[in-house]
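K.L.:
What shape does this take:
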Amino acid sequence: HIIMAMDIKEANLVFHDETSREYDKKWAIRFDADMAEFVLSKFELGLRGPFPRDVRIMEIGCGTGYAMLNLGLAGVLDEAWGCDISQGMLDVCRDNAKDLGIKVHLQQADAEHLPYEDECFDLVIGHAVLHHLPDLDASFREIQRVLKAGGRCVVAGEPTVVGHRLARVAKAIASFAIKCYARLGGRLGKKRITLRRYDASGSPEDHELQELEFMVDIHNFRPRQLCDMARRAGFSMVRFESEELISSFIGWMIRTVEGSVSEENISDRWRWGAYNTYKRVRRWDQKLYPYLPRGWFYNLIVYLEK
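P.N.:
Alright, predicted model coming up:
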């Protein structure tokens, strides 16, 4: 079987190349003022302060530009460097940057061999990238190498072990509920629910992509273990924050519903309603955050300093 012969790195490349053109739509990635403020808040939580201005920034695993381009829209960077293992993702990122008028320098590379000189960046950022990397020790050493003395790194959007378990529960509940609701003749988007079909009639390519998606999500993190790994790479200061508990549970239920029903059932009204619900619940999480263990929250944000 072709997929079984692939290593994790090749699986990441193939999967992200094949899904790059639909990636923003699948994950509801937007580039606007609202999303820019949302992304900025993640990195400022990790930094425990304002995002730095007028510094040289590189994004590791930049994908289609979700982090760097929204930070550009937020007004905290005018120019950025970025790399990704997937040329398809880089092509979409370049198109997005051109549309937004943000200057980017993009290169195809894996995280274990960054194509930059020693000590050339003030800040390295990343979003939802570490859990795809097969050799985290080598990747942390490379980040440490390209940072200037006193440089910092903030990587957000990494799944915790507890958060991943809660997400599985949320997806199971939502999947069961939407199937029952559909059998009862329920409606969504003013139309009777039609469930998507995922069976043997699908193309071989579709089935292979589904298998690859399972392969490329390698890690769920225990925060302190990840921090210990970063310390071994030579970082002088390491700490973590986290976000999204109830909002993550709700968010995974929403994504499961959207992935279970036909495209005709997902109206613009549904999308905005779901997003605004998620935002309101996220504010509850922010109020709960000081009183609950940080490892319970879904998204880990790791801060590193050289």
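K.L.:
How is A149 assigned, secondary-structure-wise?
P.N.:
strand (DSSP: H, G, I helix; E, B strand; the rest coil).
K.L.:
any idea how far the nearest residue to it once chain neighbours are set aside lies from G49?
P.N.:
Take A149 and drop its neighbours on the chain: the residue closest to it by CB to CB, 6 or more residues apart in numbering is K306, 6.2 Å away. All C-beta atoms are positioned from the backbone trio N, CA, C, and that covers glycine. K306 sits 17 Å away from G49, going by CB to CB, to the nearest Å.
K.L.:
quick one: which of these two has more around it?
P.N.:
K306 (20 against 8; other CB atoms under 10 Å).
K.L.:
What residues does the residue positioned nearest the centre of the chain make contact with?
P.N.:
Nearest residue to the geometric centre of the chain (CA atoms, centre = their mean): A128, 3.4 Å. Neighbouring residues of A128 by CB atoms under 8 Å, 6 or more residues apart in numbering: G61, G63, A156, G157, E158.
K.L.:
In which helix or strand does L45 reside?
P.N.:
helix 33-47 (DSSP states H and E).
K.L.:
neighbouring contacts of that helix?
P.N.:
29, 50-51, 66-67, 70-71, 73-74, 76, 125, 127, 152, 154-157, 241, 243, 299, 301-303.
K.L.:
Give me the buried subset of these.
P.N.:
Neighbour-count burial (16 or more other CB atoms under 10 Å) applied to the contacts of helix 33-47 gives 29, 51, 66-67, 70-71, 73-74, 76, 125, 127, 152, 154-157, 241, 243, 299, 301-303.
K.L.:
what number of residues lie near the spatially closest residue to V154 that is not a sequence neighbour?
P.N.:
Nearest non-adjacent residue to V154, counting by CB to CB, 6+ apart: G46, 4.0 Å away. Neighbour count of G46, defined by other CB under 10 Å: 25.
K.L.:
what's the spacing between the closest residue to L188 other than its chain neighbours and T19?
P.N.:
Excluding the flanking residues, the one nearest L188 by CB to CB, 6+ apart is N265, at 4.3 Å. Taking CB to CB as the measure, N265 falls 22 Å from T19.
K.L.:
Who has more neighbours out of the two?
P.N.:
Of the pair N265 and T19, N265 is the one with more neighbours under other CB under 10 Å, namely 23 against 17.
K.L.:
I'd say that one and G189 touch.
P.N.:
Yes: using CB atoms under 8 Å, N265 is in contact with G189, at 4.6 Å.
K.L.:
what mean pLDDT does the lengthiest helix in the chain have?
P.N.:
The longest helix of the chain (DSSP state H) is helix 161-183. Averaging pLDDT along helix 161-183 gives 97.
K.L.:
which is the next helix or strand following that helix?
P.N.:
strand 187-188.
K.L.:
what does the very next helix or strand once past that next one contact?
P.N.:
Counting by DSSP H and E, the element after strand 187-188 in chain order, helix or strand, is strand 191-192. Applying CB under 8 Å, 6+ apart, the external contacts of strand 191-192 come out as G185, G186, E264, N265.
K.L.:
Give me the buried subset of those.
P.N.:
N265.
K.L.:
right, and the pair among the contacts of strand 191-192 with maximum separation?
P.N.:
G185 and E264 (15.7 Å; CB to CB).
K.L.:
one step back: and the longest helix of the chain, which residues are buried?
P.N.:
Neighbour-count burial for helix 161-183 flags V162, G163, H164, L166, A167, A170, K171, A174, I178, A182 (criterion: 16+ other CB under 10 Å).
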